[in-house]
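Participant: Turn this into a structure:
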Amino acid sequence: MGLLSAAACASLTAWIWLTLAQGMFWRTDVRLPPRTAPAHWPAVAIVVPARDEAEVLPCSLVSLIAQDYPGEAEIILVDDGSTDGTGALALRLAREHPGLPLTVASPGEPEPGWTGKLWALRHGIALARTAHATEPEFLLLTDADIAHEPDSLRELVAAATSAGLDLVSQMARLRVAGAWERLVVPAFVYFFAQLYPFRRINRPTGRTAAAAGGCVLLRTEAAVRAGIPESIRQAVIDDVSLARAVRRSGGRIWLGLAERVDSVRPYPALADLWRMVSRSAYAQLRHRPMLLAGTVAGLVLVYLVPPAALFAGLAAGRPAAAWAGGLAWLLMAGTYLPMLRYYRQPAALAPLLPLTALLYLLMTVDSAVQHYRGRGAAWKGRTYARPSDA
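Facilitator: This is a model prediction of the structure:
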């Protein structure tokens, strides 16, 4: 067997395993678990870290103010050193749109060893726990670019109380409008689910842990028990770190796809999407060159070898390579179809997944290059060192 045929067969074997044994990661039917309204609706504090978010607040913040929640709830927006009038705009929107009460706070620049978002969350959570005589039972940690349907908070709390969950997280549906968003965004969620299969996360005795930082409902008691956010203060990928901390402390977690929670942040150009991925890709690999090399090799074998083997096998008259490559590509496209349907995108995009994977490979390599140039994990004017160097 030649090298091309061997690589094609290895890729096909990998795809058979991924399809059948990787927690059914490709299925998109993991939505909020069965739930009923609690007898008493617990108090909730919604904490929104925001840095230069004036562009999206008219949609996202207004959706939070308009939450139809039967219990006591309030919003704390933490203005993390914005220069675009985020805080003032938030107060104006609260005056113009009656609903949940809003407090705007500013903690100042992060102390050494803290990322900006977690520093803002620290301030917001502390304020939520001390502002009233009784602590809120739940904290909804949501990003400033996330818009919620009016029943979002109610459904999240009902799911947590019905199933006895300490953390309920929904992966917001990201915006897909332009050509680059159509090519890159659904694959972003597909790759995330491949790394962190939702069904494994949601097993009570599972070891896999992850969350989607845009929408996390967290019991205050579980946050205290897990030392959130102090225990993860240096984390660049804060959502996964948060879920791991909660699970390590004995908490029950759940993650699924959202139906009525959407990101309103636009990524119109490839450069915007590139920055979104590359700012944290190398941090995901724990800044280890060997993990980077293994990831690149894995992406090549799993995503790039199938089309290459199919076309090269046909051209060279090697049917074994062509068949193995074609079947692997078919499995790849087939497992991608549910995610495309979830994002209401045409099935014709499924065969283009190898091209998208190549882009992600380049973004990951660029993330490592920027890290070693001292510009890694940069976001909105801040650059974060790896945890061990902070």
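Participant: how about the helices of the stretch 1-150 of the chain, start to end?
Facilitator: Along the stretch 1-150 of the chain, the segments classed as helices by DSSP state H, counting those that start in this stretch run 3-21, 57-65, 86-96, 116-130.
Participant: Is it possible to get TSV of those that adds mean pLDDT, mean neighbour count and distance to residue 346?
Facilitator: Heads up, the C-betas are built off the backbone N, CA and C, glycines and all. Shown next, in TSV, are the helices of the stretch 1-150 of the chain (pLDDT from 0 to 100; neighbours: other Cβ atoms under 10 Å; distance: least, Cβ to Cβ, whole Å):
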stretch	mean pLDDT	mean neighbour count	distance to residue 346
helix 3-21	97	17	22
helix 57-65	98	21	26
helix 86-96	97	17	36
helix 116-130	96	21	35
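Participant: Let me have the ones you listed in JSON lines, extended by distance to residue 325.
Facilitator: Output for the helices of the stretch 1-150 of the chain, formatted as JSON lines (distance: least, Cβ to Cβ, whole Å):
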{"stretch": "helix 3-21", "distance to residue 325": "4"}
{"stretch": "helix 57-65", "distance to residue 325": "44"}
{"stretch": "helix 86-96", "distance to residue 325": "50"}
{"stretch": "helix 116-130", "distance to residue 325": "42"}
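Participant: To residue 339, which of the ones you listed lies closest?
Facilitator: With Cβ to Cβ, the closest approach to residue 339 among these belongs to helix 3-21: 13.8 Å.
Participant: which helices and strands sit right next to the closest one?
Facilitator: Here helix 3-21 touches helix 305-316, helix 319-342, going by 3 or more Cβ pairs under 8 Å, 6 or more residues apart in numbering; DSSP states H and E.
Participant: May I have the first one as PDB, with CA atoms only?
Facilitator: Coordinates of each C-alpha in helix 305-316 appear next as PDB, following Å, rounded to 0.1, in the frame of the first residue of the first chain:
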ATOM      1  CA  VAL A 305      -6.100  14.300   3.200                       C
ATOM      2  CA  PRO A 306      -9.600  13.200   2.100                       C
ATOM      3  CA  PRO A 307     -10.100  15.600  -0.900                       C
ATOM      4  CA  ALA A 308      -6.400  15.300  -1.800                       C
ATOM      5  CA  ALA A 309      -6.500  11.500  -1.800                       C
ATOM      6  CA  LEU A 310      -9.700  11.500  -3.900                       C
ATOM      7  CA  PHE A 311      -8.400  13.700  -6.600                       C
ATOM      8  CA  ALA A 312      -4.800  12.400  -6.500                       C
ATOM      9  CA  GLY A 313      -6.100   8.800  -6.500                       C
ATOM     10  CA  LEU A 314      -8.300   9.400  -9.500                       C
ATOM     11  CA  ALA A 315      -5.500  11.200 -11.400                       C
ATOM     12  CA  ALA A 316      -2.900   8.500 -10.600                       C
END
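Participant: In that helix, which residues are buried?
Facilitator: 305, 306, 307, 308, 309, 310, 312, 313 (16 or more other Cβ atoms under 10 Å).
Participant: ditto for stretch 171-186
Facilitator: 171-176, 178, 180-186.
Participant: distance of the nearest residue to residue 107 once chain neighbours are set aside from residue 217?
Facilitator: Residue nearest to residue 107 in three dimensions, not counting chain neighbours: residue 123, with 3.6 Å by Cβ to Cβ, 6 or more residues apart in numbering. When distance is defined by Cβ to Cβ, to the nearest Å, residue 123 is 19 Å away from residue 217.
Participant: cool, residue 79 as well?
Facilitator: Residue 79 is 23 Å from residue 217, where distance means Cβ to Cβ.
Participant: who are the neighbours in contact with the closest residue to residue 352 other than its chain neighbours?
Facilitator: Nearest non-adjacent residue to residue 352, counting by Cβ to Cβ, 6+ apart: residue 183, 6.7 Å away. By Cβ atoms under 8 Å, 6 or more residues apart in numbering, residue 183 lies in contact with 349, 352, 355, 356, 359.
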